[in-house]
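Peer 1: Provided below for reference: sequence and predicted model.
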Amino acid sequence: MALGKDYAGQQCALARALELVGERWTLLVVRDVFYGVRRFSDFQAHLDIPRAVLTARLSVLVDAGVLLRRRYQDSPPRDEYDLTDTGRALWPAIFALTQWALEYVPSAAGAIREFAHLPCDRVVDRTGACPACRRIAPVEELEMRPGPGILGHTRTDPVTLALRRPHRLLEPLDLSAPTARA
């Protein structure tokens, strides 16, 4: 029996979620928006995603209310993307999947990125809890920092290089600042 292209007939919340965010590339696009990527060309360079696929994924996410599209240039027309509250609510799932992969599908080099709770300046544990204040750190209070695996990370696109600097989640990524090549 051939595998279907959707989850028609499934009366399950997980199936409905997968209809929206289960396509290949979709969670990586959303992850990149959390990291501060906002522009089409930056998504494309960082993810090595085909143009048509990226266009389709962004359109679906905007139509579903996960992303907000804003025009930043009229001639030629160019848009940037930001998370809505619906999109921000995906952070725990993205963080949990990342932590799951670190434990069950590990890289020999270790985590490329760590997340620190800014008010306490402590790296959160695998549940997202801050070891100092013992609460789950909200995404708005997290800073992404290079992890031990960054040294083995060889990508050199501008987004990857910018992500080697500590960066507060949700804030637009500054691609113009100089970056040391690790």
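Peer 2: Right, received. Where do you want to start?
Peer 1: ok, the spatially most central residue of the chain - contacts?
Peer 2: For the chain, Arg31 is the residue whose C-alpha lies nearest the centre (Cα atoms, centre = their mean; 1.0 Å). Applying Cβ atoms under 8 Å, 6 or more residues apart in numbering to Arg31 gives the contacts Ile94. In this view, the C-beta of every residue, glycine as well, is placed from N, C-alpha and C.
Peer 1: Please identify which helix or strand holds it.
Peer 2: helix 26-35 (DSSP states H and E).
Peer 1: List the buried residues in that helix.
Peer 2: Judged by neighbour count using 16 or more other Cβ atoms under 10 Å, the buried positions of helix 26-35 are Thr26, Leu27, Val29, Val30, Arg31, Asp32, Val33, Phe34, Tyr35.
Peer 1: Quick one, grab the pLDDT at the residue nearest to the fourth one when sequence neighbours are not counted.
Peer 2: The reference is to Val30. Distances taken as Cβ to Cβ, 6 or more residues apart in numbering place Leu90 nearest to Val30, at 5.7 Å, with adjacent residues excluded. pLDDT for Leu90: 98.
Peer 1: next one: Pro178
Peer 2: Pro178 is assigned a pLDDT of 60 by the prediction.
Peer 1: and what of Gln10?
Peer 2: Looking at Gln10, its pLDDT is 80.
Peer 1: ok, it - contacts?
Peer 2: Arg16 are the contacts of Gln10 under Cβ under 8 Å, 6+ apart.
Peer 1: end to end, how far does stretch 74-93 reach?
Peer 2: 35 Å (Cα to Cα, to the nearest Å).
Peer 1: same question but for stretch 14-31, I mixed them up
Peer 2: Note: stretch 14-31 ends 19 Å apart using Cα to Cα.
Peer 1: And stretch 133-143, by the same measure?
Peer 2: 16 Å.
Peer 1: before we move on, the earlier item: mind listing what's buried in the helix or strand just after the helix holding Arg31?
Peer 2: Note on helix 26-35: by DSSP H and E, the next helix or strand toward the C-terminus is helix 40-47. Across helix 40-47, burial judged by 16+ other Cβ under 10 Å covers Phe40, Asp42, Phe43, Gln44, Ala45, His46, Leu47.
Peer 1: Report the inter-axis angle for helix 40-47 versus helix 26-35.
Peer 2: Put simply, helix 40-47 runs at 110 degrees to helix 26-35, going by axes from the mean of the first three to the mean of the last three Cα atoms, to 10 degrees.
Peer 1: Go ahead and name everything in contact with helix 40-47.
Peer 2: Contacts of helix 40-47 (Cβ under 8 Å, 6+ apart): 25, 28-29, 32, 37, 49, 51, 54-55, 58, 78-79, 157-160, 173, 175.
Peer 1: With that, I have no additional questions.
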